[in-house]
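*Asks:* here is a sequence together with a model predicted from it:
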Amino acid sequence: MATYHITATHSVEQCGYGDPRKSKYLLASLKNINILEKKWKCNMKHYSWNIAGHTCYMLIEARSHYSLNMFVLEILGGVGGVRSDYTIVPVVTRTEMIPNKTE
Ligand SMILES: [Zn+2]
């Protein structure tokens with residue numbers, strides 16, 4: 001699988017911090033991350049937020065750009081969640097460069 005770094009940003013109006021409904025969808029997605037990983041054949045390797053900057057950073061292994069896009073949409077809460085714009089940057093991990101090392 002290839003690895004991608006995702007930077008997802010959203011507007012203040014789309015922020016889940018001030019909208020309990022959006023937070024509910026976002027947290028439900030995170031609780032079901034194992035199901036979503038199997039559904040879209042993706043592996044979340046890193047997930048963190050800059051809450052004040054309305055930005056989420058993810059490192060995800062994916063088999064295709066389609067599965068990656070669908071996984072990201074769902075992990076951010078789907079249609080009712082935090083609607084975000086995001087950039088996808090393919091990366092080469094240390095494990096890919098030196099297979100015996102663990103990350
Ligand atoms: Zn926000």
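*Replies:* Good, I have the coordinates.
*Asks:* got any ranges where the chain has weak pLDDT?
*Replies:* Along the chain, the parts satisfying pLDDT under 70 run over 101-103.
*Asks:* which parts of it sit against the ion?
*Replies:* C15, H54 (C-beta under 5 Å from the ion). C-beta here means a position set from N, CA and C on the backbone, and glycine is covered the same way.
*Asks:* how does it look with 8 Å?
*Replies:* H10, V12, Q14, C15, G16, Y17, G18, I51, H54, V82 (C-beta under 8 Å from the ion).
*Asks:* buried subset of those residues, written for PyMOL?
*Replies:* Those of the residues of the chain next to the ion that count as buried under 16 or more other C-beta atoms under 10 Å are selected in PyMOL with:
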select buried, resi 10+14+16+54+82
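*Asks:* can you list the residues of the chain next to the ion in TSV and add secondary structure and distance to I75?
*Replies:* Shown next, in TSV, are the residues of the chain next to the ion (DSSP: H, G, I helix; E, B strand; the rest coil; distance: C-beta to C-beta, whole Å):
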residue	secondary structure	distance to I75
H10	coil	13
V12	helix	21
Q14	helix	15
C15	coil	16
G16	coil	13
Y17	coil	17
G18	coil	20
I51	coil	16
H54	coil	16
V82	coil	10
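*Asks:* please identify which two of the residues of the chain next to the ion are farthest apart in space.
*Replies:* Q14 and I51 (13.4 Å; C-beta to C-beta).
*Asks:* what residues are shared contacts of the two?
*Replies:* Overlap of the contact sets of Q14 and I51 (by C-beta atoms under 8 Å, 6 or more residues apart in numbering) is empty.
*Asks:* so which residues of this structure form helices?
*Replies:* 20-31, 33-40, 65-75, 94-97 (DSSP state H).
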